[in-house]
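# Everything below, folded, please.
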Amino acid sequence: MRQNIILECVETGERLYLTSKNKRNNPERLELKKYSPKLRRRAIFKEVK
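Sure, this is the predicted structure:
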């Protein structure tokens, strides 16, 4: 039941990361802090539909 999701940076809008999550256990959108090369620091990345 795991599905692939794309993570998009909140500040720059770049879509860099691909990960998976179990939609049955976590129906809400995922938010992770990941490294952004444009900003040269960690930023919040949110799940894109």
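# Please enumerate the strands of this structure.
Ranges of strands within the chain are 2-9, 15-22, 31-36, 41-48, based on DSSP state E.
# Can you pull out the low-pLDDT segments for this protein?
Residue ranges of the chain with pLDDT under 70: none are present.
# Taking the centroid of the chain, which residue is nearest it?
residue 7 (2.5 Å; Cα atoms, centre = their mean).
# check contacts around that one.
Residue 7 makes contact with 15, 16, 17, 18, 19, 30, 32, 34, 45, 46, 47, 48 under the criterion Cβ atoms under 8 Å, 6 or more residues apart in numbering. For the C-beta atoms, the positions are set from N, CA and C on the backbone; glycine is no exception.
# Report the buried members of the residues you listed.
Buried subset of those (neighbour count, 16 or more other Cβ atoms under 10 Å): 45, 47.
# Export the contacts of residue 7 as TSV, with columns for distance to residue 1.
Converted to TSV, the contacts of residue 7 look like this (distance: Cβ to Cβ, whole Å):
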residue	distance to residue 1
15	23
16	25
17	21
18	18
19	15
30	15
32	20
34	24
45	22
46	21
47	16
48	19
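# Run a quick neighbour tally on residue 6.
Using other Cβ atoms under 10 Å, residue 6 has 14 neighbouring residues.
# So the nearest residue to it once chain neighbours are set aside versus residue 16, what's the distance?
Spatial nearest neighbour of residue 6, excluding adjacent residues (Cβ to Cβ, 6 or more residues apart in numbering): residue 48 at 4.8 Å. In this view, residue 48 and residue 16 are 11 Å apart by Cβ to Cβ, to the nearest Å.
# One more: residue 7?
Distance of residue 7 to residue 16, computed by Cβ to Cβ: 7 Å.
# anything in contact with each of the two?
Joint contacts of residue 7 and residue 16 (Cβ under 8 Å, 6+ apart) are 34, 45.
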